[in-house]
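> my questions concern the predicted model and sequence given below.
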Amino acid sequence: MNGRRPGPDPRRNATQPDELKTALGSKFGDRILSVEPFPGMAGRVRFERKAAVEVLQSARDDLGFSHLSMVGGIDWVDHREVFYVLWSDAIRQYVLFSTDLPADDPRVESVSGVWPSANWHEREAWELVGINFDHHPDLRHLLTPDGYVFHPLLRSFKLHEPEELEVKSRHV
Amino acid sequence: MTTPATEVARPKVGTMAFEGRPVDDELPMVQQPGVPFIEIEALRAKEFIPAAKEALTSLIAEQGQAKLIRPVFNWAGRNSLFPLHWGLACCAIEFAAAFGARWDAERFGVVPRSSPRQCDVMIVNGTVTWKVAHKLITLYEQMPEPKWVVAMGNCATGGGPFRTAYSVVPGVDKLVPVDIYIAGCPPRPEAFLDGILRLEQLIRERKE
């Protein structure tokens, strides 16, 4: 009976968004911008970007979301967003943390010190969506060749003629 | 017991017909004019070596070594093509199926090898991204001469459906010289075998 179940464990009380709000709000105050319900997850927590490492460290240590499942970036044209999907083995639930970054300075502190698995996720978000992760131990290209000058998942990225792309991405 | 009434005509053992004549066009083995053709009827093993030695010596004296060796090398090379065994995408599945029991590419002497230093054909079977491009060139440069490249499938030929994508090389001929293009998405093993036979034809006609 040790197999993984999809979804929350019915024998345990699922964490509600107001519980998250109480736990995090008492510690971080107004650096937690909002906590709202999110389908399929315990909730969605939006926090201020300066507090990224502290909030996520607290989510790991105090709330028990021990596993970092995913880090990604979104380009919303007027701003960008970084999201972190965490998983708790205790309550068998995901939770979504996210923060908004200004489009002209998409910069956030790296959480590679909290979860070493964030390393490659942040490399991918950096090269595809152009989000700069401060104090990342190894911010190199992951999927595109070294010296690749584009951030191809940005909305402003246009499809190039093959010859033009070849000149800019050839590194052989 | 009765003996057979007539003697069966047998080839005369111990003779070898040899002439350094110009080539017939029907003979498939030799294509270049002026290259001699050796015809050996039947020979005992102990007689073969001195006979062949004498024939080859006189041939080399008459024709020159390089001219004589080239068709032999072409013949040996095209019947033992060793492609590099590395799969890039779904064309590699068809490539692997071509070596299974149904199509059996080994009957043409095609045996995939895992080291580029043992190979003479690079079969690019899949989408080549810019990330893997310099590895492809490294593998190509590790292969000994003479070497050929087969672009298998639409992705390797021209980028395929990903031609305008940000990460895909639009045709592997931007990186290495390609000899044979096989169309298809993915090409069936029959198409792969056809490409191999065309490559053999290419090698057969090779002068230098």
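Here it is on my side, so go on.
> correct me, but B:Arg78 touches B:Arg204?
Yes - look at B:Arg78 against B:Arg204 with CB atoms under 8 Å: they come within range, at 5.9 Å. Where you see a C-beta, it was placed from the backbone N, CA and C, and this is true even at glycine.
> looking at those two, which is more packed in?
Set B:Arg78 next to B:Arg204 and count neighbours by other CB atoms under 10 Å in any protein chain shown: B:Arg78 wins out with 21 against 16.
> look up how far chain A lies from the more buried one.
Computed with CB to the nearest CB, to the nearest Å, the distance linking B:Arg78 and chain A is 30 Å.
> can you give me the strands for the chain?
Answering for chain A, as no chain was given. Using DSSP state E, the strands assigned to chain A run over residues A:32-36, A:44-47, A:67-75, A:79-88, A:93-102, A:107-109, A:132-134.
> sorry, I should have been clearer: chain B.
Taking DSSP E as the test, the strands found in chain B are B:18-19, B:37-38, B:121-125, B:148-152, B:180-182.
> and the ones you listed: which comes nearest A:Lys50?
Minimum separation from A:Lys50 across the strands of chain B (CB to CB) falls at strand B:121-125, 48.8 Å.
> alpha carbons only: can I get the closest one in CSV?
The C-alpha atoms that make up strand B:121-125 are tabulated as CSV, following Å, rounded to 0.1, in the frame of the first residue of the first chain:
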residue,chain,number,x,y,z
VAL,B,121,29.4,6.3,-43.5
MET,B,122,27.7,8.8,-41.2
ILE,B,123,23.9,8.4,-41.4
VAL,B,124,22.3,11.5,-39.9
ASN,B,125,18.9,10.0,-39.0
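> domain map for chain B?
Taking automatic domain parsing as the reference, chain B has its domains at B:18-78, B:91-204.
> lowest average pLDDT across those domains?
Summarising mean pLDDT across the domains of chain B, the least confident stretch is domain B:18-78, with a mean of 69.
> straight-line length of stretch A:31-46, end to end?
In terms of CA to CA, to the nearest Å, the two terminal residues of stretch A:31-46 are separated by 9 Å.
> who's in contact with that stretch?
Contact partners of stretch A:31-46, identified using CB atoms under 8 Å, 6 or more residues apart in numbering or on different chains, comprise A:7, A:14-18, A:20-21, A:24-25, A:47-48, A:50-51, A:55, A:59, A:85, A:88, A:91, A:93-100.
> again, but for stretch A:113-124
Under the criterion CB under 8 Å, 6+ apart, residues A:53, A:56-57, A:60, A:68, A:70-72, A:110-112, A:131, A:133, A:135-143 lie in contact with stretch A:113-124.
> can you select the buried ones from these in PyMOL?
To isolate the buried ones among those in PyMOL, judged by 16 or more other CB atoms under 10 Å in any protein chain shown, type:
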select buried, chain A and resi 53+56+60+68+71+72+110+111+112+131+133+136+139+142+143
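> just the contacts of stretch A:113-124 that are near chain B?
Restricting the contacts of stretch A:113-124 to those near chain B by CB under 8 Å from any CB of the partner chain leaves A:Leu143.
> hang on, A:Lys27 packs against A:Ser58?
Yes - with contacts counted by CB under 8 Å, A:Lys27 reaches A:Ser58, the gap being 6.1 Å.
> more neighbours: those two, which one.
Legend: neighbour count by other CB under 10 Å for A:Lys27 and A:Ser58, higher for A:Ser58 (17 against 13).
> show me the contacts for that one.
Applying CB under 8 Å, 6+ apart to A:Ser58 gives the contacts A:24, A:27-28.
> my guess is B:Met143 contacts B:Arg117, does it?
Yes - because the distance of 7.1 Å satisfies CB under 8 Å, B:Met143 is recorded as touching B:Arg117.
> the residue lying closest to B:Leu197 once chain neighbours are set aside and B:Ile93: what is the separation?
Using CB to CB, 6 or more residues apart in numbering or on different chains and skipping residues adjacent in sequence, the residue nearest B:Leu197 is B:Phe108, 7.1 Å away. Remark: distance between B:Phe108 and B:Ile93 (CB to CB, to the nearest Å) = 20 Å.
> show the contacting residues for A:Leu68.
A:84-87, A:111, A:114-115, A:117-118, A:121 are the contacts of A:Leu68 under CB under 8 Å, 6+ apart.
> again, only this time at 6 Å
With contacts defined as CB atoms under 6 Å, 6 or more residues apart in numbering or on different chains, the neighbours of A:Leu68 are A:115, A:117-118.
> separation between the nearest residue to B:Glu200 once chain neighbours are set aside and B:Val124?
Of all residues beyond its chain neighbours, the one nearest B:Glu200 is B:Arg78 (4.2 Å), with distances taken as CB to CB, 6+ apart. Between B:Arg78 and B:Val124 the distance is 20 Å, computed by CB to CB.
> over to B:Pro112?
Counting by CB to CB, the gap between B:Pro112 and B:Val124 amounts to 13 Å.
> the two: who's more crowded?
The residue with the greater number of neighbours, taking B:Pro112 and B:Val124 and applying other CB under 10 Å, is B:Val124; the counts read 30 against 21.
> how near is the residue nearest to the more buried one when sequence neighbours are not counted to chain A?
Counting by CB to CB, 6+ apart, B:Val124 lies nearest to B:Ala156, which is 4.2 Å off, once chain neighbours are set aside. Separation of B:Ala156 from chain A (CB to the nearest CB): 14 Å.
> end-to-end on stretch B:162-180?
Stretch B:162-180 has an end-to-end distance of 21 Å (CA to CA).
> what residues sit buried inside it?
In stretch B:162-180, counting by 16+ other CB under 10 Å, buried: B:162-163, B:165-176, B:178-180.
> with stretch A:102-111 instead?
In terms of neighbour count (16+ other CB under 10 Å), stretch A:102-111 has its buried residues at A:106, A:108-111.
> could you dump that stretch to PDB, C-alpha only?
Taking Å, rounded to 0.1, in the frame of the first residue of the first chain, the C-alpha atoms of stretch A:102-111 are listed here in PDB:
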ATOM      1  CA  PRO A 102       9.500  44.000 -14.300                       C
ATOM      2  CA  ALA A 103      10.100  43.500 -18.000                       C
ATOM      3  CA  ASP A 104      13.100  45.800 -18.100                       C
ATOM      4  CA  ASP A 105      14.900  44.200 -15.200                       C
ATOM      5  CA  PRO A 106      13.800  40.500 -14.900                       C
ATOM      6  CA  ARG A 107      16.000  39.600 -12.000                       C
ATOM      7  CA  VAL A 108      15.400  37.400  -9.000                       C
ATOM      8  CA  GLU A 109      17.500  35.600  -6.500                       C
ATOM      9  CA  SER A 110      18.400  32.000  -7.300                       C
ATOM     10  CA  VAL A 111      17.000  29.300  -5.000                       C
END
